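**Q** would you be able to build a 3D model of this:
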Amino acid sequence: MTAVKTADPCISTEMISGGGALIRVDLTEVESKKAARQKFEAITAKAESLSTRNPKLRHLVVLLHGARLPESDLMPLAGRIAQTLHQHLETARGAYVAVTALVDSPPVPPELLQERLAKLARCAPGMDPAVALSTQEIVGEEITQASVDEIV
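**A** Residues are numbered from 1 along each chain as shown. Coordinates of the predicted model:
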């Protein structure tokens with residue numbers, strides 16, 4: 001993966017070989033749902049920038065980590081992020097990018113996450129172009145399978 005510097009120190013991006021990108025959003029300083037939602041504009045700008053720089057982008061993963069908020073508050077936000085980013089990239093860039101928002105609560109080992117992301121980047125976009133998952137859902141299976149399980 002190749003890291004990309006960003007202006008917001010709480011948001012970093014990485015390119016994943018094979019057609020993927022990761023946006024990491026550090027929520028350790030976020031204490032409310034409103035404050036978490038306020039990060040959305042910066043996330044959207046990063047997603048658009050990644051899509052512009054990489055026209056072959058097929059998968060975008062937004063990892064929400066370090067949150068003090070409960071998963072029950074973050075999952076609806078993650079779902080909105082995935083859906084809105086997918087629609088935005090399709091409308092603004094004309095790019096069909098599958099977006100997966102992952103809530104890292106509790107955190108999974110970095111090696112496991114990297115493995116799952118690398119496999120996802122090599123796949124064609126799946127059945128659901130926008131999905132929100134907990135990282136615990138990808139411990140025992142690939143992201144693509146967890147996404148299918150989410151819609152079934």
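
**Q** all helices for this protein, in order.
**A** Shown for the chain, the helices assigned by DSSP state H span residues 33-38, 40-53, 71-88, 110-121, 143-151.

**Q** make JSON lines out of those helices and add mean pLDDT, distance to residue 63 and mean neighbour count.
**A** All C-beta atoms are positioned from the backbone trio N, CA, C, and that covers glycine. Below are the helices of the chain laid out as JSON lines (pLDDT from 0 to 100; distance: least, C-beta to C-beta, whole Å; neighbours: other C-beta atoms under 10 Å):
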{"stretch": "helix 33-38", "mean pLDDT": "84", "distance to residue 63": "14", "mean neighbour count": "13"}
{"stretch": "helix 40-53", "mean pLDDT": "90", "distance to residue 63": "11", "mean neighbour count": "17"}
{"stretch": "helix 71-88", "mean pLDDT": "93", "distance to residue 63": "10", "mean neighbour count": "18"}
{"stretch": "helix 110-121", "mean pLDDT": "94", "distance to residue 63": "8", "mean neighbour count": "16"}
{"stretch": "helix 143-151", "mean pLDDT": "83", "distance to residue 63": "11", "mean neighbour count": "17"}
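
**Q** and of those, who's closest to residue 13?
**A** helix 40-53 (5.5 Å; C-beta to C-beta).

**Q** other SSEs contacting that closest one?
**A** On a contact count with 3 or more C-beta pairs under 8 Å, 6 or more residues apart in numbering; DSSP states H and E, helix 40-53 meets strand 11-16, strand 20-26, strand 59-65, helix 71-88.

**Q** would you convert those into a markdown table that also reports distance to residue 52?
**A** Compiled in a markdown table, the helices and strands packed on helix 40-53 are given as follows (distance: least, C-beta to C-beta, whole Å):
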| stretch | distance to residue 52 |
| --- | --- |
| strand 11-16 | 12 |
| strand 20-26 | 11 |
| strand 59-65 | 13 |
| helix 71-88 | 12 |
